[in-house]
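**Student:** pasting the structure only:
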């Protein structure tokens, strides 16, 4: 099962199936039901992750990789990172959180996308550091990591 990104930025991720009891195990003092082998294996469950939740950044990076599995390893350039910082700041400051016009204004969308992917691969600490860099370069207070991650996800969805 693949990770699904919803329009609100949440991610639907597969969850490993829980532990099964053997036929000779007991449940609440009574023998567990024996598996007759005729029942189909249940599909793995899912869980919805919101920006800021544990595992969200990693799941978002995996989702992004699913979008283009043949993509070369991520390489961040200085100009791509600068443009990515300006982009994240522009979206964060936009009254309507306008991603499309901000992405359309990019000089090098590919380099900006690579820089943002590079941030995601680094996990929460990388996102926090990036948010601090954005604040230093563009002014204002650093975005909370979950907000920066949500914006990065929206931008990457638009770029793909």
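**Tutor:** Yep, it's here. Since the structure is predicted, the reported quantities are computational estimates derived from the model, not experimental observations.

**Student:** find the nearest non-adjacent residue to the residue nearest to the spatial centre of the chain, please.
**Tutor:** The C-alpha lying nearest the average C-alpha coordinate of the chain belongs to residue 60 (Cα atoms, centre = their mean; 1.6 Å). Taking Cβ to Cβ, 6 or more residues apart in numbering, and ignoring the residues beside it in sequence, residue 60 has residue 153 as its nearest neighbour in space, at 5.2 Å. (Glycine included, C-beta is placed from N, CA and C.)

**Student:** one step back: what's the pLDDT at the residue nearest to the centre of the chain?
**Tutor:** At residue 60, the pLDDT value in this model is 84.

**Student:** ok, now how distant is it from residue 78?
**Tutor:** When distance is defined by Cβ to Cβ, to the nearest Å, residue 60 is 24 Å away from residue 78.

**Student:** what stretches of the protein score poorly on pLDDT?
**Tutor:** Counting by pLDDT under 70, the chain shows low-confidence ranges at 17-44.

**Student:** ranges for the strands of it?
**Tutor:** With strands called from DSSP state E, the chain shows them at 4-5, 11-15, 26-27, 30-31, 45-49.

**Student:** those strands: which one's closest to residue 105?
**Tutor:** strand 4-5 (23.0 Å; Cβ to Cβ).

**Student:** what number of residues lie near the nearest residue to residue 127 once chain neighbours are set aside?
**Tutor:** On the basis of Cβ to Cβ, 6+ apart, the spatially nearest residue to residue 127 that is not a chain neighbour turns out to be residue 145, at 4.6 Å. A count of nearby residues for residue 145, using other Cβ atoms under 10 Å, gives 22.

**Student:** hang on, residue 145 packs against residue 126?
**Tutor:** No. Residue 145 is beyond contact range of residue 126, at 9.3 Å (criterion: Cβ atoms under 8 Å).

**Student:** coming back round to it: wait, what's in contact with the residue nearest to residue 60?
**Tutor:** Listed by Cβ atoms under 8 Å, 6 or more residues apart in numbering, the contact partners of residue 153 are 5, 9, 51, 60, 63-64.

**Student:** neighbour-wise, which of those leads?
**Tutor:** The most neighbours of any of the contacts of residue 153, using other Cβ under 10 Å, belong to residue 60, which has 26 neighbours.

**Student:** so how far is residue 97 from the residue nearest to residue 12 when sequence neighbours are not counted?
**Tutor:** On the basis of Cβ to Cβ, 6+ apart, the spatially nearest residue to residue 12 that is not a chain neighbour turns out to be residue 4, at 4.2 Å. The spacing between residue 4 and residue 97, counted by Cβ to Cβ, is 21 Å.
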